[in-house]
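Chemist: sequence and predicted structure are below.
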Amino acid sequence: MKSFFAPESVAVVGATGNKMKGGYHIFNNLVSYYNDRVYPVNPNYTEIDGHKVYPSVSELPEIVELVIIFTPAVTIPAIVEESASLGIKRVQIQAAGFAETGDDGKLLADRVMKIAKENGIRIWGPNCTGSVNSDNLFFAPFMPVMNLGEKLVKGNVSIVTQTGMLAAGFLVQVLDSNYFGIDKAAAIGNKMDVDEVDILEYLAGEDTTGIILMYLESINRGREFLEVAERLKGKKAIVLLKGGRSPVAVNAALSHTGSLAGDDGLIAGALNQAGVARVCGFIDMMNVGRALSLLPTWNGGKRIGIITISGGAGIVTADLLNDRGIDVPELTRETTARLQEIFPPWMPPKNPVDIWPTMEIRGINEALEMVVPVVMADENIDAVILLPFASPITENIDTGIFERAMMETKKPVLTWMFGFIPSFEKFKRNFEGAGVPVFKELNHIVSVVSALRDLNR
């Protein structure tokens, strides 16, 4: 798989001077940011932006390691055959028009795979947006990204998707918002050959990847997928958004990527056992990725401690957690006794822990310093949700309180901020700088906690 993420040399077949077409952007992204051994191939051009264009793969100045194809589907078997005659072993087909279009497209796919198998070629795609590697700025998708060198921020999150334009849009949103840093990205499309198991195996050996976000419409080699996931359990987090769960979606998946989605009930149980966290949408997947990339530990569980300055916020959070099968347990007697020492006698401490009266007496930092370590050390608690109120006062919370508590207990803290909007961004910078993810929507934080629980089954 390394040749798809770090090839010595690349041919872009279907490169064009038309800036409205994907072939231009594949070539431009690579030649602008990767290396000078990126060769455009198109018999209808002699140059693109000052770069010499070659009429065919056979006429390149060297035998390239990777061929990327973005031409009409009917032309692709001949291009793969030409590549095979040169001894090229890696081909990425980003163009569509194969099994997802019906019988004629399936025949084309069969021809391509016959050539590939006879010549030991691995085929990535078709109907995809290719591969990304932040280590070397290898960026093969067919869409433009302004200031790519600045936006492709290195991180420990890798993304694997089975779709083309949705993957492209998802990736662009992550890059534009700086939601989390990227290690690798792989859009594998119809999975004619290279599939999610191949990519998962590759990422298993990449020390730079700690979190793997996946959107899949089918899992073709289920047993192998689960074996790899089981091997990675507790080492790398795998978060899955599974398309094709309903009968309507199954039919859509068949026409979209030519995939059969499989029985979701059977899939769900096996994934749970393998420690794969399921999410229901792309926003949830982004939020889980961001939380995991920030948290110093993701050893979450199903028992949550809530620390709040609003009784109502604590009650609503407890209800939402309960809806997901997540417990808000009673605190131990020892914890309750220690908290009672700093709580007013008329307010016995319980979970959710409302610190408002204590905060009024002692100030917010002293109240948190006395409450947070005690609650997080409770043996009944696996993770803590903090519910403060955004204001100039909470802008200056000592985030070291949470850093120390997370380090000592190996338990995560997540927070939902509500209130004075101008204070929100400063609060967010301070807390996320300390490894505490901040969310604007309460249901988002509950989805993340649910995923943390699933990762630690």
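Modeler: Arrived safely, thanks for sending. Numbering: from 1, shown residues only.
Chemist: what is the mean pLDDT for the strand or helix carrying Ala405?
Modeler: In this assignment (DSSP states H and E), Ala405 forms part of helix 400-409. Helix 400-409 carries an average pLDDT of 96.
Chemist: for it, packing partners?
Modeler: Packing partners of helix 400-409 (3 or more C-beta pairs under 8 Å, 6 or more residues apart in numbering; DSSP states H and E): helix 364-377, strand 413-416. All C-beta atoms are positioned from the backbone trio N, CA, C, and that covers glycine.
Chemist: export that helix to CSV, keeping only CA atoms.
Modeler: The C-alpha trace of helix 400-409 is given here as CSV (Å, rounded to 0.1, in the frame of the first residue of the first chain):
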residue,chain,number,x,y,z
GLY,A,400,-4.3,22.9,34.7
ILE,A,401,-6.8,21.4,37.2
PHE,A,402,-8.1,19.2,34.5
GLU,A,403,-4.7,18.4,33.0
ARG,A,404,-3.5,17.1,36.3
ALA,A,405,-6.6,15.2,37.1
MET,A,406,-6.6,13.5,33.7
MET,A,407,-3.0,12.6,34.1
GLU,A,408,-3.5,11.1,37.6
THR,A,409,-6.7,9.2,36.9
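Chemist: helices along the stretch 1-150 of the chain, start to end?
Modeler: Here the stretch 1-150 of the chain has its helices, by DSSP state H, counting those that start in this stretch, at 2-5, 22-33, 76-85, 103-119, 148-151.
Chemist: hang on, I meant the stretch 201-350 of the chain
Modeler: Taking DSSP H, counting those that start in this stretch as the criterion, the stretch 201-350 of the chain carries its helices at 222-232, 247-257, 264-273, 282-294, 311-323, 333-340.
Chemist: follow-up on the earlier one: now the angle from the helix holding Ala405 to helix 364-377?
Modeler: On the basis of axes from the mean of the first three to the mean of the last three C-alpha atoms, to 10 degrees, helix 400-409 is oriented at 20 degrees to helix 364-377.
Chemist: gap between Lys411 and Phe431?
Modeler: Distance of Lys411 to Phe431, given as C-beta to C-beta, to the nearest Å: 16 Å.
Chemist: over to Pro357?
Modeler: With distances taken as C-beta to C-beta, Pro357 is found 23 Å from Phe431.
Chemist: report the distance from stretch 396-410 to the chain centre.
Modeler: 26 Å (C-alpha atoms, centre = their mean, to the nearest Å).
Chemist: what sits against the closest residue to Leu294 other than its chain neighbours?
Modeler: Distances taken as C-beta to C-beta, 6 or more residues apart in numbering place Pro437 nearest to Leu294, at 4.9 Å, with adjacent residues excluded. Counting by C-beta atoms under 8 Å, 6 or more residues apart in numbering, Pro437 touches Asn287, Arg290, Ala291, Leu294, Leu295, Leu414, Thr415, Phe431, Ile445, Val448.
Chemist: out of those, which comes closest to Ile199?
Modeler: Arg290 (21.3 Å; C-beta to C-beta).
Chemist: and the most centrally placed residue in the chain, bridged to which residues?
Modeler: Centroid-nearest residue in the chain: Leu213, 3.3 Å away (criterion: C-alpha atoms, centre = their mean). With DSSP bridges as the criterion, Leu213 is bridged to Ile159, Val239.
Chemist: find me the pLDDT at it, would you?
Modeler: If you check Leu213, the pLDDT there is 96.
Chemist: distance of Arg324 relative to Val288?
Modeler: As judged by C-beta to C-beta, Arg324 and Val288 stand 13 Å apart.
Chemist: comparing the two, which residue is more hemmed in?
Modeler: Val288 (30 against 13; other C-beta atoms under 10 Å).
Chemist: what's the burial count for the closest residue to that one other than its chain neighbours?
Modeler: Residue nearest to Val288 in three dimensions, not counting chain neighbours: Ala451, with 4.5 Å by C-beta to C-beta, 6+ apart. Per other C-beta under 10 Å, the neighbour tally for Ala451 reads 26.
Chemist: contacts only, for Val41.
Modeler: Here Val41 is in contact with Ala11, Val12, Val13, Gly14, Ala15, Val53, Tyr54, Pro55, Ser56, Val57, Leu60 (criterion: C-beta under 8 Å, 6+ apart).
Chemist: now the residue nearest to Val288: phi and psi?
Modeler: Backbone torsions for Ala451, taken as degrees, to the nearest 10, come to phi -70, psi -40.
Chemist: wait, doesn't it sit right on Val276?
Modeler: No: between Ala451 and Val276 there is no contact under C-beta atoms under 8 Å: 9.9 Å.
Chemist: so what sits against both of the two?
Modeler: Between them, Ala451 and Val276 share these contacting residues under C-beta under 8 Å, 6+ apart: Val239.
Chemist: the bottom helix or strand of the chain by mean pLDDT?
Modeler: Averaged element by element with mean pLDDT, DSSP states H and E, the chain has its least confident helix or strand at helix 247-257 (a mean of 48).
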